[in-house]
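Asks: Structure here, sequence nowhere to be found:
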């Protein structure tokens, strides 16, 4: 232990900003914890539950978006290992977003009808986090297509004989992210119908069953079509198509 460690007073707070200690100042907890409606404003106590779930979702989506932005840049730079690592982190962010929807099971459908009176036309479709994920997911898809074209990657052959290659790990990381987005949409749709029902109108006048159709949207459709191709050209696929010897 050196003299600086012996003499340092760790009880002294050294960061500038609002808050009683360095943790509060760095994390801006005063601001963060003031972003929910105050007790005198709420029409139902579960507004706190509702806001915490959705506000934390926006934070995780902000992080996932940041990882996607850098992943796209690293893919364009042909740094596949970094791209895979960043996509893995973005996928985990979607896992956490999906899992916290479990809390919404504790929201009574009738209580939510009271809460809807103060939501205006607010809708998850307007989520800045989701919109940023949607834009960047499409940008990543374009970067991947450019990479496959420029490098002459045969995706089918990649899956048949190069399963330990960096390109295969990249393709699987992209599929993982795409699937995590779909699973989040499924859970969100099921949560929504559990709370407000089927074939009813949401806060923006959109029927809930429209969301069910969006579940099939894909960022990287070529990687999903590849699965079908591999099945159709595989040993059992050729057998069922009547082309086996």
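Replies: Yes, it's here. Not measured: the values here are computed from a predicted model. Residues are numbered from 1 along each chain as shown.
Asks: Tell me, how many residues neighbour residue 178?
Replies: 22 (other Cβ atoms under 10 Å). Placement of C-beta: from N, CA and C, glycine included.
Asks: cool, residue 54 as well?
Replies: When neighbours are defined as other Cβ under 10 Å, residue 54 has 15 of them.
Asks: could you list every residue that touches it?
Replies: Contacts for residue 54 (Cβ atoms under 8 Å, 6 or more residues apart in numbering) come out as 124, 127.
Asks: mind giving me the domain ranges of the chain?
Replies: Segmentation of the chain into domains, based on automatic domain parsing, reads 1-34, 45-240.
Asks: Return the residues in contact with the residue most central in space within the chain.
Replies: The centroid of the chain falls nearest to residue 94 when counting by Cα atoms, centre = their mean (3.3 Å). Shown in contact with residue 94 (Cβ under 8 Å, 6+ apart): 60, 64, 177, 180, 181, 183, 184.
Asks: I'd assumed the fourth one was in a strand, is it?
Replies: Same thing as residue 180. No: using DSSP: H, G, I helix; E, B strand; the rest coil, the assignment for residue 180 is helix, not a strand.
Asks: Show the pLDDT at it.
Replies: You'll see residue 180 listed with a pLDDT of 97.
Asks: shouldn't it be in contact with residue 87?
Replies: No: between residue 180 and residue 87 there is no contact under Cβ atoms under 8 Å: 10.0 Å.
Asks: Looking at the two, which has the bigger crowd around it?
Replies: Counted by other Cβ under 10 Å, residue 180 and residue 87 do not tie: residue 87 has more neighbours, with 27 against 19.
Asks: Distance check, the more buried one against residue 190.
Replies: 26 Å (Cβ to Cβ, to the nearest Å).
Asks: what does residue 233 give?
Replies: In this view, residue 233 and residue 190 are 35 Å apart by Cβ to Cβ.
Asks: just to revisit the earlier point, from the contacts of residue 94, which is closest to residue 114?
Replies: For those, the residue nearest residue 114 by Cβ to Cβ is residue 184; the value is 26.6 Å.
Asks: what's around the closest one, how many residues?
Replies: Residue 184: 22 surrounding residues under other Cβ under 10 Å.
Asks: Now do the same contact list for residue 18.
Replies: 24, 25, 28, 30, 31.
Asks: Buried subset of these as a PyMOL selection?
Replies: Remark: buried members of those, expressed as a PyMOL selection using 16 or more other Cβ atoms under 10 Å:
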select buried, resi 24+25
